[in-house]
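# below are the sequence and a predicted model; questions follow.
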Amino acid sequence: MRNFTFYNPTRIHFGEGQIAKLAREIPAGSRVLVIHGGGSIFHNGVWEQVEAALPGYSLSRFGGIEPNPQFDTLVRAIEQGREEGCDFILAVGGGSVIDGSKFVAAALRYDGDPLDLLTGTRVQAAMPLGCVLTLAATGSESNPHGVITHVARQEKLSISSSLLYPRFAILDPRTTFSLPPRQIGNGVVDAFVHTVEQYLTYPADAPLQDRYAEGLLQTLIEEGPKALANPQDYKVRANLMWCATQALNGLLGCGVPQDWATHMIGHELTALYHLDHAQTLAVVLPALLTERREAKHAKLLQYAERVWHIHSSDEDARIEAAIDATREFFQRMGIPTRLSEHGLDAEVIPQVLAQLERHRMVALGERHDIDLATSERILLRAL
Ligand code: NZQ
Ligand code: ZN
């Protein structure tokens, strides 16, 4: 196992009714910038619960954060927070709202151009931030990362700092009952791929991390389809929510090699063609696993056996069956696994490769050997 440092300070309040705990977490007298998305919180009772939990607090509400949160919108949130003298940020929504709020939190403690914080300037301070999660997917609720879309530059830019861990995260599975099927599928696929990218590399003498990953994957496979079939099943939603948080709260990846190539290629597809984040992952991952089947041979066999219970005698057949099973699982979650299903053809490949090159994504994967030629082969397999 490799050396690592693990740190995760986010306090999690998990379960039904936990939004009522907000006032315990936000210091009395705070002026709170409440950031949310396009309005789902007004239709599913979440906003009412937030308001009811914070009597006497001064709330400044900023709505309209888009899926794939946009830089320009967030600049307006920064301005509002500054003008209204806010000193605490409460993000209420999915990954986009939480990611966007992290950027706002850093920008409100930075004197320069906020864009600096997305282009290499280290975060040196951030306003305290808490969140109420309404979509189980990204793990943003208890990690230090944010991904911000810059439309004019056709880029997804990231921000990451230990100062950006939410102070607390409220995870009430009931808030996810109102998710449309597409977002249920997106959430399960995103959590699944986060797990795979910290697991399906090469053996690293980390049997606990392996079994932890296999546990997450098997739970997602078992519970995901149930959420589509019976959206009001609390037990299912609770398990999915906890899986998604753990898939990217840092613990799973401790001491093991990681391969974030699927995410990096996927981010370019979102920036260029506006596919949902998880839609890009469902297209790229099966293609990447097929292309990298030699490099990932040992772990693919383990994945086939332990996650999918495939025990046929021929090793190649086992690997192929596991990749097929992965693709079928994404399809069962309602997420297409081919670029062509999104109306994209081979003409997009040069554009994606040019973006990868521009962003210096030319040595991806656990061995840094996914160069542009390999990415091209992955994209060809994804058509
Ligand atoms: O905007 P509203 O009206 O709230 O609607 C949202 C949005 O349209 C809706 N939604 C959320 N909760 C709902 C709900 N609708 C009904 N009921 C509810 N309870 O769902 C739509 C999608 O929301 P979004 O926040 O965009 O989804 P998600 O949580 O999948 O976040 C995706 C973003 O996270 C980034 C992605 O790149 C993308 O920008 N990621 C962040 C990561 C991180 N911080 O660690 C890692 C991920 O790999 C990912 O890159
Ligand atoms: Zn993701």
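It's in. Ligands and ions are numbered 1, 2, ... in the order given.

# is the residue nearest to L133 when sequence neighbours are not counted in a helix, a strand, or coil?
Once flanking residues are discounted, L133 sits nearest to E141: 4.5 Å by C-beta to C-beta, 6 or more residues apart in numbering. Quick note: C-beta positions are derived from backbone N, CA and C, even for glycine. With DSSP: H, G, I helix; E, B strand; the rest coil as the basis, E141 sits in helix.

# how close does H150 get to L59?
Taking C-beta to C-beta, to the nearest Å as the measure, H150 falls 29 Å from L59.

# nope, I265 is what I was after
With distances taken as C-beta to C-beta, I265 is found 40 Å from L59.

# next one: A322
A322 sits at a distance of 49 Å from L59 (criterion: C-beta to C-beta).

# S140 now?
Where L59 is concerned, S140 sits at a distance of 22 Å (C-beta to C-beta).

# which one of these two has more residues nearby?
A side-by-side neighbour count of S140 and L59, using other C-beta atoms under 10 Å, places S140 first with 30 against 15.

# I figured the more buried one hits G93, correct?
No - under the criterion of C-beta atoms under 8 Å, S140 makes no contact with G93, lying 10.0 Å away.

# roughly how far is stretch 179-198 from the heart of the chain?
8 Å (C-alpha atoms, centre = their mean, to the nearest Å).

# with stretch 241-258 instead?
Shown here is stretch 241-258, whose average C-alpha point lies 11 Å from the average C-alpha point of the whole chain (C-alpha atoms, centre = their mean).

# just stretch 124-138 next, same as before
In terms of C-alpha atoms, centre = their mean, the gap separating the centre of stretch 124-138 from the centre of its chain is 12 Å.

# repeat for stretch 166-173
Relative to the chain's own centre, stretch 166-173 is displaced by 15 Å; criterion: C-alpha atoms, centre = their mean.

# quick one: end-to-end distance for that stretch.
18 Å (C-alpha to C-alpha, to the nearest Å).

# could you give the mean pLDDT of that stretch?
Stretch 166-173 shows a mean pLDDT of 98 in the predicted model.

# got the residues of this structure near ligand 1?
Of all the residues in the chain, those in contact range of ligand 1 (C-beta under 6 Å from any ligand atom) are 37-40, 44, 67-68, 93-97, 99, 134-135, 137-140, 143, 145-147, 175-176, 178-179, 183, 186, 190, 248, 263, 277.

# out of those, list just those in strands.
Secondary structure from DSSP state E places 93, 145-147 of these in strands.

# quick one: which of those residues is nearest Y212?
If you rank those by distance to Y212 using C-beta to C-beta, H145 comes first, at 19.9 Å.
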